[in-house]
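K.L.:
Next comes the sequence, and after it the predicted model I'd like to discuss.
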Amino acid sequence: MPISPRAAAALAVAGLLLSGCGAASGASSQAGSAVQAEPVAAQPVALGGSSVDAVGAQVLAVGAERLAEAEAAMTARQDAKVVARDRAVVMAAAEAQRDAKRSARQAARDLVEEQERLDEIAANKDAQEILKELGYYDGGIDGDVGPKTKAAVEEFQEVNGLEVDGVIGDQTTKALESDDAKPKPEPEPEPEEDEESESEGEDDEPVDDGEGVMSVSDAQKVLRDQGYYLGEVDGEAGDAFTSALVAFQKVNGISRDGSLGPDTSAALRNPKQPSLKGGNSTRIEIDLSAQVIHLVKNGTRVRTMPTSSGNGEQYATSSGGTANAKTPVGDFVIERRIEGIREADLGILYDPLYFYKGWAIHGSNSVPAYEASHGCTRLTRADAKWLGAQVPNGTQVRIYGGTHTFIPTG
């Protein structure tokens, strides 16, 4: 009767075991007894037409095939791990390359912006020198377009038939560099007044404290001691000095004309201290009524700067609607900032410090002594850069007073 392959395999294994045992038994008998037996040679056993040797060979072949398959699978897994590791290395290298390219592009943009800023300062200095030669400007050559430079540019534009905007643009620069540039006209002589008219005008003269107009150097010292001026005491009435003088005039309630006259000189000899609202030990206070910004650090006011906030006028938005130029009042914090130039829908902002949605404290080429912005609070570009370096994000911003304002509801 034929046997199954499984049984045949079992008998083959048994035969192999018996063959081994017989050899071992013969060896044992030879060692332990003097009687030696002839070893019996293993003979193939026929089972159902197959020998035990053939079945064993089949079993060994199957085992070898399975072993080869296992080794191949293990090799494949190892190869997959190597591929995955290599892929991770390649991806990391590609990401590092992308980061390097992004950094290089940002560095290039920063370099371009810085070069543009330096070029603009150089152009502004050239304009100030020409304006001084033509008699429109008597301030310092510092490249900072403050109230005095802006007033000189506006006067030059008016005399030379240009659009009066106070901006040193292409047309104004071309006119300044032209041989046809018209100098400042000589003032017309004032008509002689009789005694009656002179007595009528006496009440309109500024109040002098009897000590005369203060020198620029002495005024610079006072303004520096009082926290308005950071420049050198050099006797030069440059834009930084004029800007500080305007802030002082605003706080002391006198004419905001940036000139060192009798009233301002008298106030400088007896300066009034700003009235602060209080808050965190380090904070920014914006007094919209006086149009000034105070920086307080560690409980001490370190500087007061002139600002210009929303003028309340209606303007067109980028979405095609309209809005009113108002400044938010209340307590805020500096949420984010942009270093350098920000080209917004309503104009260019320099070094903006955002405290509520799109409202920010930012530098501008135009900071008049009155409300003139779309709602942000403007500083001179030099003051904006200085302020940004003094305070981190999260600094309290307290805004109060003013007319063209609103209280945020969300």
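P.N.:
Good, I have the coordinates. Quick caveat, the model's predicted, so the values are computed rather than measured.
K.L.:
Out of the helices and strands in the chain, which is least certain?
P.N.:
Lowest mean confidence among the helices and strands of the chain (mean pLDDT, DSSP states H and E): helix 195-201, at a mean of 38.
K.L.:
in the chain, which segments are predicted with low confidence?
P.N.:
The chain contains residues with pLDDT under 70 at 1-53, 187-210, 410.
K.L.:
can you list the domain ranges for it.
P.N.:
206-269, 283-406 (automatic domain parsing).
K.L.:
Make JSON lines out of the ones you listed and add distance to M91.
P.N.:
C-beta coordinates here come from the backbone N, C-alpha and C atoms, glycine included. Below are those laid out as JSON lines (distance: least, Cβ to Cβ, whole Å):
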{"stretch": "domain 206-269", "distance to M91": "51"}
{"stretch": "domain 283-406", "distance to M91": "32"}
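K.L.:
Nearest to A73, out of these?
P.N.:
domain 283-406 (55.7 Å; Cβ to Cβ).
K.L.:
what about the closest one, start to end distance?
P.N.:
With Cα to Cα, to the nearest Å applied, domain 283-406 spans 21 Å between its terminal residues.
K.L.:
number of nearby residues for Y229?
P.N.:
23 (other Cβ atoms under 10 Å).
K.L.:
thinking V213 is in contact with L260, fair?
P.N.:
Yes - in this structure, V213 is within contact of L260 by Cβ atoms under 8 Å, at 6.1 Å.
K.L.:
circling back: how far is the helix or strand following the least confident helix or strand of the chain from where the chain is centred?
P.N.:
Downstream of helix 195-201, the next assigned helix or strand under DSSP states H and E is helix 216-225. With Cα atoms, centre = their mean, to the nearest Å as the basis, helix 216-225 stands 34 Å off its chain's centre.
K.L.:
With stretch 286-295 instead?
P.N.:
Using Cα atoms, centre = their mean, the offset of stretch 286-295 from its chain centre is 24 Å.
K.L.:
Same question for stretch 160-167.
P.N.:
33 Å.
K.L.:
go on, stretch 381-400?
P.N.:
In terms of Cα atoms, centre = their mean, the centre of stretch 381-400 is found 13 Å from the chain centre.
K.L.:
when you give positions from now on, start the count at 98
P.N.:
Taking 98 as the first residue, the last one we looked at is stretch 478-497.
K.L.:
Just the endpoints, please. Distance across it?
P.N.:
End to end - Cα to Cα - stretch 478-497 spans 23 Å.
K.L.:
Which strands or helices does the longest helix belonging to the chain pack on?
P.N.:
When the chain is parsed with DSSP state H, its longest helix is helix 149-230. Judged by 3 or more Cβ pairs under 8 Å, 6 or more residues apart in numbering; DSSP states H and E, helix 149-230 is in contact with helix 102-129, helix 244-256, helix 267-274, strand 438-441.
K.L.:
Could I get the phi/psi values of T492?
P.N.:
Main-chain torsions, T492, degrees, to the nearest 10: phi -70, psi 140.
K.L.:
what about it, neighbour count?
P.N.:
T492: 20 neighbours (other Cβ under 10 Å).
K.L.:
nearest residue to it other than its sequence neighbours?
P.N.:
I431 (4.9 Å; Cβ to Cβ, 6 or more residues apart in numbering).
K.L.:
wait, what's in contact with the one you found?
P.N.:
Shown in contact with I431 (Cβ atoms under 8 Å, 6 or more residues apart in numbering): 381, 450-452, 488-492, 494.
K.L.:
Can you tell me which of these comes closest to R184?
P.N.:
Each of the contacts of I431 was checked against R184 using Cβ to Cβ; the closest is N490, at 39.3 Å.
K.L.:
looking at this, the closest one is in a strand?
P.N.:
No - using DSSP: H, G, I helix; E, B strand; the rest coil, the assignment for N490 is coil, not a strand.
K.L.:
so it touches R433, yeah?
P.N.:
Yes - taking Cβ under 8 Å as the contact criterion, N490 and R433 are neighbours in contact, 6.5 Å apart.
K.L.:
quick check: angle from the longest helix of the chain to helix 244-256?
P.N.:
70 degrees (axes from the mean of the first three to the mean of the last three Cα atoms, to 10 degrees).
K.L.:
so what strands line up beside the helix or strand where G460 lies?
P.N.:
Element membership for G460, per DSSP H and E: strand 456-461. If you go by DSSP bridges, strand 456-461 pairs up with strand 444-453 (antiparallel), strand 474-477 (parallel).
K.L.:
which one of the ones you listed lies closest to V256?
P.N.:
strand 474-477 (25.1 Å).
K.L.:
Give me the next element, helix or strand, following the closest one.
P.N.:
Under the assignment DSSP H and E, the closest C-terminal helix or strand after strand 474-477 is helix 478-487.
K.L.:
Just the angle for the next helix-or-strand element following that next one relative to strand 444-453, thanks.
P.N.:
Remark: after helix 478-487, the chain's next helix or strand is strand 493-497, criterion DSSP H and E. On the basis of the same axes, to 10 degrees, strand 493-497 is oriented at 100 degrees to strand 444-453.
K.L.:
Strand 493-497 pairs with which strands, and in what direction?
P.N.:
Within its sheet, strand 493-497 is paired with strand 380-384 (parallel), strand 427-430 (antiparallel), according to DSSP bridges.
K.L.:
Need those in JSON lines (columns: mean neighbour count and distance to E333).
P.N.:
Formatted as JSON lines, these follow (neighbours: other Cβ atoms under 10 Å; distance: least, Cβ to Cβ, whole Å):
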{"stretch": "strand 380-384", "mean neighbour count": "23", "distance to E333": "29"}
{"stretch": "strand 427-430", "mean neighbour count": "16", "distance to E333": "37"}
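K.L.:
possible to save these as CSV with distance to I438?
P.N.:
What follows is those, written out as CSV (distance: least, Cβ to Cβ, whole Å):
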stretch, distance to I438
strand 380-384, 22
strand 427-430, 23
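K.L.:
Looking at the ones you listed, which is nearest to S406?
P.N.:
When the strands paired with strand 493-497 are compared by Cβ to Cβ, strand 380-384 sits nearest S406, at 7.6 Å.
K.L.:
residues making contact with the closest one?
P.N.:
So strand 380-384 is contacted by 371, 373-374, 376, 389-393, 404, 406, 431, 458, 474, 484, 488, 492-498 (Cβ under 8 Å, 6+ apart).
K.L.:
which residues of the stretch 298-447 of the chain fall in helices?
P.N.:
313-322, 336-349, 359-366 (DSSP state H, counting those that start in this stretch).
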